[in-house]
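Trainee: Sequence and predicted model, in that order:
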Amino acid sequence: MQFSDRLARLRFGSLRQRIAALYAVLFAIVLTVMIMLVSAGIEQFGEHSAQRDLAANARVFDEIIELRARQMRGSADVLAHDFGFREAVATGDGPTISSALRSLGDRTHASSAFVVDLDGSVTSAGGTTTPDGESIWYALDEGRERGMVRMGDGLALAAAAPIEAPDLLGWLVIAQPLDQNEMARLSKLAAVETSATVRDIGNLPQDLALTPVGDIYEENGEARNLYLLNALPSLEDGLSPRLVLRHSLGEALQAYSGLKYTLFAVGFAGLALVIALGGRVAQGVAGPIAKLDSAVRRFGQGETVELPQQTDDEVGRLASSFGSMMEAIEERERKIIHVGLHDGLTNLPNRRLFAEQLSQHLARRSNGERILVAYCDLDDFKVVNDTMGHPAGDTMLRHVAECLRQELQDAVIARLGGDEFAILMIEKNPNVSLFDHARRIKDCFERQIRIEGQLADCSASIGIAIAPSDGEDGVTLLKHADLALYRAKRDGKANFHFFEASLDEQARRRREMELDLRLALKEGQFALHFQPLYSLRKNELTGFEALIRWQHPTKGMISPAEFIPLAEETGLILPIGEWVIREACHAASQWPGNFSVAVNISPKQFSAPGLSSIIMQALTTSGLPPQQLELEITESVFIADVDKVLSVLHGVRDLGVRISLDDFGTGYSSLSYLRQFPFDKVKIDQSFVRDLCQEGKNAHAVIRAITTLAEALGMETLAEGVESPEQRQVLEDEGCGFGQGYLFSRPVPASAMNAIFGQAVFPARQSA
Ligand code: C2E
Ligand code: CA
Ligand code: CA
């Protein structure tokens with residue numbers, strides 16, 4: 001498990017714990033309050049019932065004591081009515097009285113029976129404790145029959161019956177001490193555990209003594225005893241006997257402690273249940289969130305995930321929101337991937353996707369199956385872009401893409417960028433010629449496309465490589481198709497070319513030459529040769545064209561026609577061109593007279609910045625007057641950004657440098673360029689001159705048309721490649737002002753220039 005997952009678990013774990021804890025705490029509070037209330041209730045109930053019990057016990061004791069007293073009174077009454085006994089009392093017969101009293105005592109289990117005379121003297125059976133007769137006499141005389149008396153250290157219950165014969169002789173009294181043992185015996189008769197004592201009020205603690213009879217006094221302290229006092233009748237003056245009942249509240253409440261424990265136990269069980277249930281509920285809430293969280297996290301890491309089952313609650317809605325969000329993200333991702341793998345203009349797969357699909361097809365290729373990879377490049381697309389505008393170029397590309405899509409439905413088509421397309425076709429039948437496929441592809445491109453009402457010609461050069469013979473991996477196949485395309489371009493437009501091993505060899509040689517070219521510049525292997533420019537009318541030398549030569553250390557002299565295109569392709573033309581400008585200016589500045597020097601400038605030099613300053617520097621350093629420098633440009637410079645080219649041309653022209661249009665007549669729309677810039681000179685291409693003396697060609701008319709137009713525009717004309725006096729004659733007749741060619745001189749090295757300057761005579765005009 002990853003750290004982040006563990007973290008998430010912890011987080012949602014704690015959410016679960018928090019919810020469970022909240023439940024538990026809430027329940028615990030409620031439970032505690034309830035237990036406290038119930039405990040207090042139980043306590044109160046216990047106290048009340050203890051008090052009730054105590055009061056009931058008090059009544060029971062009252063009745064028992066009353067009953068006992070009445071029994072004692074009954075027993076005393078029986079003896080007091082006995083004739084013999086009355087006589088004995090009347091006669092004062094002590095022994096008889098004693099014996100009667102003894103037997104009464106035995107019968108009633110009373111501890112003491114005695115007779116009180118009218119004068120208060122006491123006659124007892126002897127050997128028994130009796131109360132003081134005088135102190136009880138008053139009560140007896142009043143007619144009270146039952147009550148408490150002091151006997152010895154304690155108190156005793158006494159009952160008295162009058163002895164009458166028929167006049168009152170005295171009272172027969174039976175007394176029973178209510179000592180601890182007796183009271184304990186009585187206590188056993190009570191329903192609840194109570195300890196009872198009988199005491200004079202004077203012997204009671206003050207608090208207790210002050211408690212009104214019948215009220216319950218609670219002793220504060222550990223024992224928590226309840227006391228209840230009951231007044232007992234007294235047979236003695238100065239005696240206020242009280243029945244003191246004591247009931248232990250602690251013990252009474254003890255009976256409820258079991259209930260309390262049960263309550264606590266039930267409470268704790270409830271709490272445990274709540275914690276467990278809280279955990280479940282929390283799991284129910286936090287669980288889906290945690291799942292959602294992990295799903296979203298895994299989605300973020302690029303996995304395809306399924307969201308947790310959606311419920312109808314907030315979590316469910318959250319999950320469904322996440323679901324829609326994830327779908328939106330996936331949709332956007334798909335779009336981004338589509339954009340990344342497709343060309344925005346044509347919606348065709350781009351180079352990356354094409355390479356990917358090519359390698360997939362190559363991996364799946366079965367035996368005998370051939371895969372054709374065509375690299376296509378539109379011809380003269382730049383011209384369309386420049387003359388009709390970029391939107392027109394875009395329209396053309398879209399048209400081409402649409403045609404390819406419709407007519408090559410079995411192929412994979414891609415736009416590699418610019419005006420380059422790639423096509424992949426699979427041929428399962430080994431007997432089918434792939435030339436048919438190549439022609440099909442070529443025909444797709446060859447059409448006229450209507451753009452904003454104008455018809456534009458479209459065609460493409462196509463290089464083809466075939467797997468497995470030309471390569472088994474995508475990179476090699478594309479490279480070989482590209483080499484074949486390079487070759488097809490060189491062969492002319494609207495062409496296709498299959499890859500062949502020699503192309504690879506050519507490419508290898510090109511690479512080798514490129515390396516050599518870089519070295520050549522450093523090691524000064526370049527030289528300039530100069531070819532005279534000749535005024536046909538004045539019959540004199542006017543200037544020279546600088547032509548570069550490469551003296552290769554092993555391969556000898558290499559023609560510029562061979563290395564200039566490569567230098568242009570690789571960009572090496574920039575330093576080379578700069579060298580030519582400086583070298584030409586320097587050489588011309590050394591020449592006698594004011595011969596001009598013409599330098600060839602390649603289109604690449606125009607699109608790179610700084611051409612004007614290079615020229616200016618070369619002029620300043622050499623001291624050559626600008627009027628003696630001439631730049632030769634071909635109309636292909638206009639294939640680049642026309643406005644920029646024109647501004648550079650005007651800038652250079654403003655320095656005083658002259659501009660010639662080279663190879664005139666070979667280009668796409670030479671005449672239209674002629675009108676765009678006020679050239680100083682037009683150089684008619686060699687091919688027209690070559691045609692001059694051949695039958696059936698209307699070269700004369702062409703030359704005349706050019707010279708007429710140039711004259712109208714105020715431009716000079718120069719014919720290139722003049723090799724024969726006949727040619728020279730026709731040119732002069734057709735109004736051409738200047739000539740250049742072997743007829744006058746081949747290009748000569750700088751070392752041979754002096755001979756040229758010294759040679760006054762040039763081939764003369766052909767005599768008519
Ligand atoms: P270009 O500018 O048209 O140069 C004229 C070419 O025609 C030269 O070939 C020259 O030797 C050749 N030529 C001259 N008179 C005759 C003739 O009577 N008959 C025939 N058949 N050919 C003649 P070169 O020197 O081989 O140059 C070839 C091309 O190389 C040039 O064509 C020019 O485009 C390019 N080039 C030469 N030097 C430079 C340079 O310094 N910079 C640039 N950018 N291009 C250069
Ligand atoms: Ca030239
Ligand atoms: Ca030329």
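Mentor: Perfect, thanks for sending it. What you see is a predicted model; the values in this text were computed from it and never measured. Ligands and ions are numbered 1, 2, ... in the order given.
Trainee: Can you tell me what sits against stretch 266-280?
Mentor: R16, I19, A20, A21, L22, Y23, A24, F27, A28, L31, M34, I35 (CB atoms under 8 Å, 6 or more residues apart in numbering). For glycine as for every other residue, the C-beta is placed from the backbone atoms N, C-alpha and C.
Trainee: nearest to ligand 1, of those residues?
Mentor: R16 (81.1 Å; CB to the nearest ligand atom).
Trainee: In three-state terms, how would the closest one be classified?
Mentor: Reduced to three states with DSSP: H, G, I helix; E, B strand; the rest coil, the structure at R16 is helix.
Trainee: pretty sure it is touching P288, no?
Mentor: No: judged on CB atoms under 8 Å, R16 makes no contact with P288 at a distance of 11.4 Å.
Trainee: Let me know the pLDDT of the residue nearest the centre of the chain.
Mentor: Nearest to the mean C-alpha position of the chain, counting by CA atoms, centre = their mean, stands G300 at 5.4 Å. In this model, G300 is scored at 80, pLDDT.
Trainee: where do the helices sit along the stretch 551-700 of the chain?
Mentor: Along the stretch 551-700 of the chain, counting by DSSP state H, counting those that start in this stretch, helices occupy 560-570, 573-590, 603-607, 611-622, 642-654, 670-676, 686-691, 699-713.
Trainee: Of all those, which one comes closest to ligand 3?
Mentor: Closest approach to ligand 3 among the helices of the stretch 551-700 of the chain (CB to the ion): helix 686-691, 6.7 Å.
Trainee: right, is that closest one up against ligand 2?
Mentor: No: contact of helix 686-691 with ligand 2 (CB under 5 Å from the ion) is absent, the minimum separation being 10.2 Å.
Trainee: Would you agree W550 falls within a strand?
Mentor: Yes: using three-state DSSP, the secondary structure at W550 is a strand.
Trainee: What count of nearby residues applies to the residue nearest to it when sequence neighbours are not counted?
Mentor: Distance criterion CB to CB, 6 or more residues apart in numbering; nearest residue to W550, sequence neighbours excluded, is I558 at 4.4 Å. Neighbourhood size, I558 [other CB atoms under 10 Å]: 17.
Trainee: thinking I558 is in contact with I548, fair?
Mentor: No: in this structure, I558 is not within contact of I548 by CB under 8 Å, at 10.0 Å.
Trainee: What residues does this structure have near ligand 2?
Mentor: N600, E632, D662.
Trainee: is it true that the second one touches E545?
Mentor: When you say that, I think you mean E632. Yes: under the contact definition of CB under 8 Å, E632 touches E545, with a separation of 7.1 Å.
Trainee: Show me which residues of the stretch 651-768 of the chain sit near ligand 3.
Mentor: Counting by CB under 5 Å from the ion, the stretch 651-768 of the chain sits next to ligand 3 at D662, D663, E720.
Trainee: show me what contacts the first one?
Mentor: Put plainly, it is D662. Applying CB under 8 Å, 6+ apart, we find D662 in contact with N600, E632, I633, T634, K683.
Trainee: Go through these and flag which are in strands.
Mentor: N600, E632, I633, K683 (DSSP state E).
Trainee: With neighbour count as extra columns, can I get the residues you listed in a markdown table?
Mentor: Compiled in a markdown table, the ones in strands among the contacts of D662 are given as follows (neighbours: other CB atoms under 10 Å):
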| residue | neighbour count |
| --- | --- |
| N600 | 20 |
| E632 | 19 |
| I633 | 26 |
| K683 | 24 |
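Trainee: from these, which single one is nearest Q525?
Mentor: Nearest to Q525 among the ones in strands among the contacts of D662, counting by CB to CB, is N600 at 18.4 Å.
Trainee: if I look at the closest one, how far off is D662?
Mentor: Per CB to CB, to the nearest Å, N600 is found 7 Å from D662.
Trainee: cool, R351 as well?
Mentor: Relative to D662, and taking CB to CB, R351 is found at 36 Å.
Trainee: Among the helices of the stretch 551-700 of the chain, show the one with the smallest mean pLDDT.
Mentor: When I compare these, helix 670-676 is least confident, with a mean of 77.
Trainee: Report the distance from it to the chain centre.
Mentor: 61 Å (CA atoms, centre = their mean, to the nearest Å).
Trainee: Stretch 367-376 now?
Mentor: Distance, centroid of stretch 367-376 to centroid of chain: 44 Å (CA atoms, centre = their mean).
Trainee: Next: stretch 574-583.
Mentor: 58 Å.
Trainee: buried ones in that stretch?
Mentor: If you call a residue buried by 16 or more other CB atoms under 10 Å, then stretch 574-583 has these buried ones: L574, I576, G577, E578, W579, V580, I581, R582, E583.
Trainee: Look up the closest residue to the first one, ignoring the ones flanking it.
Mentor: If I follow you right, that is L574. Closest residue in space to L574, ignoring its immediate chain neighbours: A608 at 5.6 Å, by CB to CB, 6+ apart.
Trainee: Would it be right to say that F544 lies in a helix?
Mentor: No: remark: F544 does not belong to a helix; assigned using three-state DSSP, it is strand.
Trainee: list the contacts for the residue in the stretch 151-300 of the chain that ligand 1 sits nearest to?
Mentor: Going by CB to the nearest ligand atom, ligand 1 is nearest to G300 of the stretch 151-300 of the chain, at 58.1 Å. With contacts taken as CB under 8 Å, 6+ apart, G300 has no neighbouring residues.
Trainee: Show the average pLDDT along the one helix or strand I163 maps to.
Mentor: In this structure, I163 sits in strand 154-164 according to DSSP states H and E. On average, the pLDDT along strand 154-164 is 88.
Trainee: Parallel or antiparallel, list what pairs with that strand.
Mentor: strand 146-151 (antiparallel), strand 168-177 (antiparallel) (DSSP bridges).
Trainee: Turn the ones you listed into TSV, including mean neighbour count, distance to F498 and mean pLDDT.
Mentor: Listed next are those as TSV, based on neighbours: other CB atoms under 10 Å; distance: least, CB to CB, whole Å; pLDDT from 0 to 100:
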stretch	mean neighbour count	distance to F498	mean pLDDT
strand 146-151	23	147	87
strand 168-177	24	147	87
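Trainee: Columns distance to ligand 1 on top of those, output as CSV?
Mentor: Listed next are those as CSV, based on distance: least, CB to the nearest ligand atom, whole Å:
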stretch, distance to ligand 1
strand 146-151, 155
strand 168-177, 155
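Trainee: Could you save those as a markdown table and add columns showing distance to ligand 3?
Mentor: Converted to a markdown table, the strands paired with strand 154-164 look like this (distance: least, CB to the ion, whole Å):
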| stretch | distance to ligand 3 |
| --- | --- |
| strand 146-151 | 163 |
| strand 168-177 | 164 |
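Trainee: do you know which of those strands lies nearest Q531?
Mentor: strand 146-151 (168.9 Å).
Trainee: Can you tell me what sits against that closest one?
Mentor: With contacts defined as CB under 8 Å, 6+ apart, strand 146-151 is touched by 66, 69-70, 72-73, 112, 129-132, 135-136, 139, 155-160, 175, 177-178, 198, 200, 232-236, 239, 241.
Trainee: Quick one: distance of stretch 469-484 to the chain centre.
Mentor: The answer for stretch 469-484 is 42 Å, by CA atoms, centre = their mean.
Trainee: buried sites along it?
Mentor: If you call a residue buried by 16+ other CB under 10 Å, then stretch 469-484 has these buried ones: D470, G471, G474, T476, L477, L478, K479, H480, A481, D482, L483, A484.
Trainee: next one: stretch 714-724
Mentor: M715, E716, T717, L718, A719, E720, G721, V722, S724.
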